[in-house]
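Student: With the sequence up front, the predicted model follows.
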Amino acid sequence: MSIFPKISLRLEVENYLKAGFMNKEVVSALGKEEAERKFETLLQKLSHPPSFTTVRVNTHLASVQHVKSLLFDELQKVRAHFCHYQFNGLSFPILQHPDLQDVLLIPVIGPRNNIKQQPCEVIVGAQCGNAVLRGAHVYVPGIMSASKFMKGGDVVSVYSDIKGKCKKGAKEFDGTKIFLGNGISELSRKEIFSRLPELKGVGVRMTDPVYLSPSFDNVLPSYLFLQNLPSAVVSHVLDPQPGEKILDLCAAPGGKTTHIAALMHDQGEVIALDKISNKVEKIKQNALLLGLNSIRTFCFDGTKALKLDMVKDTDGEPPFLPESFDRILLDAPCSGMGQRPNMACTWTLKEVTSYQPLQRKLFTVAAELLKPGGVLVYSTCTVTLAENEEQVAWALKTFPHLQLQRQDPQVGGEGMLGAGLSSEQLKRLQRFDPCVVPSQDSDTGSLRDARIEDMIWLANKDCIGFFIAKFVKCKST
């Protein structure tokens, strides 16, 4: 059995998800038992991190091989840091993805069941806990509770309060908590809670985590961008070309924006919109750090990005005239039900289902802003049928001038049954569902013996839940 439970959801939300994954078309194709098994596997997988950490090389500044060599040296330092763990001759191997040449993969080892829990405890919030499972140390703002007599230098066990019940500054916590591993406290309990909110640095340095994954804090920051595998696929599917004018309609924090600019060799114009100002600043910081000059950012609501009065566009700022862009990426706001690890989601059904209307508003704007012959890519980081395949079916019906296209590279699986799309249409979609991978504990032995082909297959399958659709706007006759 796994040391983590399946993701904790409100019953109404779990039933909603289950209805999508066990709709009539799916049950008819797979059988009820197999459909139910896949759904239960999904719930288990969502609470665990993906099997690989994915980093994208900024090819605008350096070659992949050069960065791979630099990263190898950095990971040897990380390996030495985990002094309590016996590697049995293993290091962190670095794989270059065969279909995504600018993507490097580093296996995650775990979950490990033989870590001795310590009497001195630190409780962290759920978001902090999720970050620790993906290789991060514990930063002070994420600490909710610490044992009464904890001192700097103590070996402590770190737990995640997945239901958000722990009070800030508590000396003990008896609620639901999930063990994340052991670390060394950088500060005493008194230093942590008497100097908040000023303290921002590392509070616990993880030395023996349940999931052994390298931290990428300040590792080759101009050369590497930490990015989930499907998120890197999206920009390749968009296939931006030098000299084009491209719109990233919901761009923050800028991972895909900067990837687009790098793929077009920083030649052309990438317009990045987001309606939250501090997120726009993050896009600017990332562009500056990665040395990209073709990106223009605007704090602007994407649903209002279409100019309705048809006055000539003279300033190049939003809103824009119809048919202004060669390619558009709509990485839409979504319920995020594919994010991993996520051990608990407290959202109501109303919140989960609130995104479909917003996605349709944004899609309508994108369809108008796209030039004839242009490419529109729609993506989400969720697994719901309503935000993915149902949106494609709606788009094809609403916008007859849009045609669903095959995708290259095709790394994920085909779309899910249940939205009335044809078999050929489903093959033109990419759905990343971790439920295709059997839910089981992993260990270093399987990593040692695995072939590269098997590891790439696992990286493609055991990632976050994600969805991609690609459309082309027909030229007028």
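Tutor: Nice, I can see it. Numbering: from 1, shown residues only.

Student: Can you name the residues bridging to the nearest residue to Pro93 once chain neighbours are set aside?
Tutor: Closest residue to Pro93 apart from its sequence neighbours, by CB to CB, 6 or more residues apart in numbering: Pro107 at 6.4 Å. Where C-beta positions appear, they are placed from N, C-alpha and C, glycine not excepted. Assessed by DSSP bridges, Pro107 has beta-bridge partners Phe52.

Student: Number of residues surrounding Pro107?
Tutor: When neighbours are defined as other CB atoms under 10 Å, Pro107 has 23 of them.

Student: Next: Gln285.
Tutor: 12.

Student: And the residue nearest the centre of the chain?
Tutor: The centroid of the chain falls nearest to Asn228 when counting by CA atoms, centre = their mean (4.6 Å).

Student: Leaving aside the residues adjacent along the chain, what's closest to that residue?
Tutor: Ile464 (4.9 Å).

Student: got a list of what Leu249 touches?
Tutor: Each residue near Leu249 by CB atoms under 8 Å, 6 or more residues apart in numbering is listed here: 273, 302, 305, 328-331, 362, 365-366.

Student: Could I get these in TSV, plus columns for distance to Gly181 and secondary structure?
Tutor: Below are these laid out as TSV (distance: CB to CB, whole Å; DSSP: H, G, I helix; E, B strand; the rest coil):
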residue	distance to Gly181	secondary structure
Leu273	39	strand
Gly302	40	helix
Ala305	45	coil
Ile328	42	strand
Leu329	37	strand
Leu330	38	strand
Asp331	32	strand
Leu362	40	helix
Val365	45	helix
Ala366	43	helix
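
Student: Nearest to Ser63, out of those: which one, please.
Tutor: Proximity of the contacts of Leu249 to Ser63 (CB to CB) peaks at Leu329, which lies at 25.5 Å.

Student: wouldn't the closest one be in contact with Val375 here?
Tutor: No. Look at Leu329 against Val375 with CB atoms under 8 Å: they stay out of range, at 9.2 Å.

Student: Number of residues surrounding Ser63?
Tutor: 12.

Student: What of the one 4 residues further on?
Tutor: Applying other CB under 10 Å, we find 23 other residues in the vicinity of Val67.

Student: what's the helix or strand containing it in contact with?
Tutor: Assigned by DSSP states H and E, Val67 falls within helix 64-81. If you take CB under 8 Å, 6+ apart as the criterion, helix 64-81 is touched by 55, 57-58, 87, 91-92, 94, 96, 101-102, 104, 106, 207, 214-215, 219-220, 223-224.

Student: Apply 7 Å and report the result again.
Tutor: 57, 87, 91-92, 94, 96, 101-102, 104, 214-215, 219-220, 223-224 (CB atoms under 7 Å, 6 or more residues apart in numbering).

Student: Please report the distance of the residue nearest to Pro93 from Ser215.
Tutor: 15 Å (CB to CB, to the nearest Å).

Student: what do you get for Phe173?
Tutor: Phe173 is 25 Å from Ser215, by CB to CB.

Student: any idea how far Leu43 is from Leu9?
Tutor: 8 Å.

Student: Show me which of these two is the more surrounded one.
Tutor: Neighbour count, other CB under 10 Å: between Leu43 and Leu9, Leu9 has more, with 22 against 19.

Student: OK, contacts around the more buried one?
Tutor: So Leu9 contacts Cys345 (CB under 7 Å, 6+ apart).

Student: and what of the one 4 residues further on?
Tutor: In this structure, Val13 makes contact with 345, 347, 349, 352, judged by CB under 7 Å, 6+ apart.

Student: Which ones among those residues map onto strands?
Tutor: Cys345 (DSSP state E).

Student: The contacts of Val13, buried ones only, as a PyMOL selection?
Tutor: Remark: buried members of the contacts of Val13, expressed as a PyMOL selection using 16 or more other CB atoms under 10 Å:
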select buried, resi 345+347+349+352
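
Student: Pick out the most distant pair among the contacts of Val13.
Tutor: Applying CB to CB across the contacts of Val13, the maximum distance is between Cys345 and Leu349, 11.3 Å.

Student: in the lengthiest strand in the chain, what counts as buried?
Tutor: Criterion DSSP E: the longest strand present in the chain is strand 370-380. Buried positions in strand 370-380, judged by neighbour count with 16+ other CB under 10 Å: 370-371, 374-380.

Student: For the stretch 1-150 of the chain, which segments count as helices?
Tutor: With helices called from DSSP state H, counting those that start in this stretch, the stretch 1-150 of the chain shows them at 11-21, 24-30, 32-46, 64-81, 126-133.

Student: Show me the shaky parts of the stretch 51-200 of the chain.
Tutor: Residue ranges of the stretch 51-200 of the chain with pLDDT under 70: 78-92, 196-197.

Student: mind listing the strands in it by residue range?
Tutor: Counting by DSSP state E, counting those that start in this stretch, the stretch 51-200 of the chain has strands at residues 52-57, 95-96, 103-107, 121-125, 138-139, 143-146, 155-161, 178-185.

Student: With distance to Ala469 as added columns, please give these in JSON lines.
Tutor: Converted to JSON lines, the strands of the stretch 51-200 of the chain look like this (distance: least, CB to CB, whole Å):
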{"stretch": "strand 52-57", "distance to Ala469": "21"}
{"stretch": "strand 95-96", "distance to Ala469": "27"}
{"stretch": "strand 103-107", "distance to Ala469": "21"}
{"stretch": "strand 121-125", "distance to Ala469": "34"}
{"stretch": "strand 138-139", "distance to Ala469": "37"}
{"stretch": "strand 143-146", "distance to Ala469": "40"}
{"stretch": "strand 155-161", "distance to Ala469": "34"}
{"stretch": "strand 178-185", "distance to Ala469": "35"}
